[in-house]
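**Student:** Need coordinates for the below:
(4 chains)
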Protein chains: 2
Amino acid sequence: MSSPYHHGDLKAALVAYAREQMEHTGFDGLSMREMAKAVGVSHTAAYRHFADKKALLDVVATESFSELLELTRQGAASAPAEPRSRLQASGMAYVRFGLSAPRRLAHMFSSMEAPQASETLRAAGFGLFAFLEGLVGAGQAAGVFRAGDTFQLSRACWAMVHGLATLPSLTRLAHSSQELETALLSAEEALAVFLDGLARK
Amino acid sequence: MSSPYHHGDLKAALVAYAREQMEHTGFDGLSMREMAKAVGVSHTAAYRHFADKKALLDVVATESFSELLELTRQGAASAPAEPRSRLQASGMAYVRFGLSAPRRLAHMFSSMEAPQASETLRAAGFGLFAFLEGLVGAGQAAGVFRAGDTFQLSRACWAMVHGLATLPSLTRLAHSSQELETALLSAEEALAVFLDGLARK
DNA sequence: TCCTGGATGTTAACGGTGTCAACATAAAGG
DNA sequence: CCTTTATGTTGACACCGTTAACATCCAGGA
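**Tutor:** Now for the predicted structure:
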């Protein structure tokens, strides 16, 4: 009886394996059968916990959004209590996540883009955006950022940060920790350019 | 003899079909067999022209990079001969492409990110970046953009534009032509924020 | 305590997929 | 004309996602 009939927490084990493995194989290279085997279970056991493959990967994406939100929160919290610094630190936490888990980040947005994305998944994504929007709004309220539609400016900011986090020329270079360091510095400089534009004129 | 034994130009037909269909099904939902059937040929005929599926899709990506380069060129050319306007018009052409062909744009970068991306594919991608770098460098030479490493600033600019081109597609706002119009205006505003930051201080 | 129903896991099967090998046909060129 | 080469077809293999039918375990009421 080295392996009992019931796994114990198959659902969590599958999600954890998928989340870890996604970085290696890419999310399209992950098969239900291989994941099941890796977790030590038969190739259809997962269907007791997930409607289909997409549902499993959606859970990974949703959890990753929560994780990213937490990272950006911590980034903002650990920065000087000043709008620009907070926004910058938060954005850099986002970029750091993108450099350390590019495939997963790509998957998060690719699954959100899907027409039948689950409501909880979309909520997780929008939660992340809402946090960013709060930072931008605070900067406007403090008179440090330019006036204008907060939603618009936040989207601009999101696009900048997301672009920095996903640009292949950056992610491709982030293999060694040395390269990761220079990539981060480069991203910080780029973000500073945008933040200069965001400042009140 | 409604269909002759030899297709005529199977290679081009497959690429054209894949390029068109990618927008509907997404690039992972495209199967060799289905494409072959759609073009009116047997399910392995494609292997006379492409080593494997990836090779076919790489051609689509490479051609799309050329197309995007051409669009950004035209955008710059049709703008007032002034660095900021040219860069803005060029970037907006990029964004327009992203809004009209989001799946294809995603595929272009996803295939470029792959470790075994073909050299011609990567060259096409870098060609696009080189053009952008030229625009940024011209602005610096004219004293309109801030001084600094041109490569760095260009990458910042690329990230901004790429983020704008990628992000709205996941907020799924660009379906009707009305929405596309407002999405473009929003992107233009966002790009303006960045360009303000890029300006000489 | 039994035993019964629901939760979880397994086995078998179906259609679909990428790809290779063997074969068939057409075009090109001596 | 005949042979070489390019192109297309058929058949097979292993793998994949998913469903249906069956097996096993656990929990809770008689």
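**Student:** Give me the buried positions along stretch A:106-122.
**Tutor:** By 16 or more other Cβ atoms under 10 Å in any protein chain shown, the buried positions in stretch A:106-122 come out as A:106-113, A:117-118, A:121-122. To be clear about C-beta, it is placed using only N, CA and C from the backbone, and glycine gets the same treatment.
**Student:** for chain A, which helix is longest?
**Tutor:** Across chain A, the longest stretch assigned as helix under DSSP state H is helix A:53-77.
**Student:** That helix packs against which elements?
**Tutor:** Other elements packing on helix A:53-77 under the criterion 3 or more Cβ pairs under 8 Å, 6 or more residues apart in numbering or on different chains; DSSP states H and E are helix A:10-25, helix A:32-39, helix A:83-100, helix A:102-113, helix A:119-141.
**Student:** contact partners of the longest one?
**Tutor:** Counting by Cβ atoms under 8 Å, 6 or more residues apart in numbering or on different chains, helix A:119-141 makes contact with A:58, A:61-62, A:65-66, A:68-69, A:72-73, A:76, A:83-84, A:86-87, A:90, A:108-109, A:111-112, A:145-148, A:150-151, A:153-155, A:157-158, A:161, A:198, B:170, all of which sit outside it.
**Student:** One more: the second one?
**Tutor:** By Cβ under 8 Å, 6+ apart, the surrounding residues in contact with helix A:32-39 are A:7, A:10, A:13-14, A:17-18, A:21, A:42-46, A:53, A:56.
**Student:** Near DNA strand C, which residues of chain A? Just list them.
**Tutor:** Proximity of chain A to DNA strand C (Cβ under 7 Å from any atom of the strand) is limited to residues A:5-8, A:10, A:36, A:41-45, A:47-49.
**Student:** Could you list the domains of chain A?
**Tutor:** A:1-50, A:54-198 (automatic domain parsing).
**Student:** Could you dump the ones you listed into CSV and include mean pLDDT and distance to B:G98?
**Tutor:** Output for the domains of chain A, formatted as CSV (pLDDT from 0 to 100; distance: least, Cβ to Cβ, whole Å):
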stretch, mean pLDDT, distance to B:G98
domain A:1-50, 89, 21
domain A:54-198, 95, 11
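**Student:** Out of these, which is the most enclosed?
**Tutor:** Mean neighbour count (mean count of other Cβ atoms under 10 Å in any protein chain shown) peaks for domain A:54-198 among the domains of chain A, with a mean of 19.
**Student:** does DNA strand D sit close to that one?
**Tutor:** Yes - residues of domain A:54-198 contacting DNA strand D under Cβ under 7 Å from any atom of the strand: A:K54.
**Student:** end-to-end on that domain?
**Tutor:** 38 Å (Cα to Cα, to the nearest Å).
**Student:** How is A:A51 assigned, secondary-structure-wise?
**Tutor:** coil (DSSP: H, G, I helix; E, B strand; the rest coil).
**Student:** Next up, phi/psi of it, please.
**Tutor:** phi -60, psi -40 (degrees, to the nearest 10).
**Student:** what pLDDT does it get?
**Tutor:** At A:A51, the model reports a pLDDT of 97.
**Student:** Please report how far it lies from DNA strand C.
**Tutor:** With distances taken as Cβ to the nearest atom of the strand, to the nearest Å, A:A51 is found 13 Å from DNA strand C.
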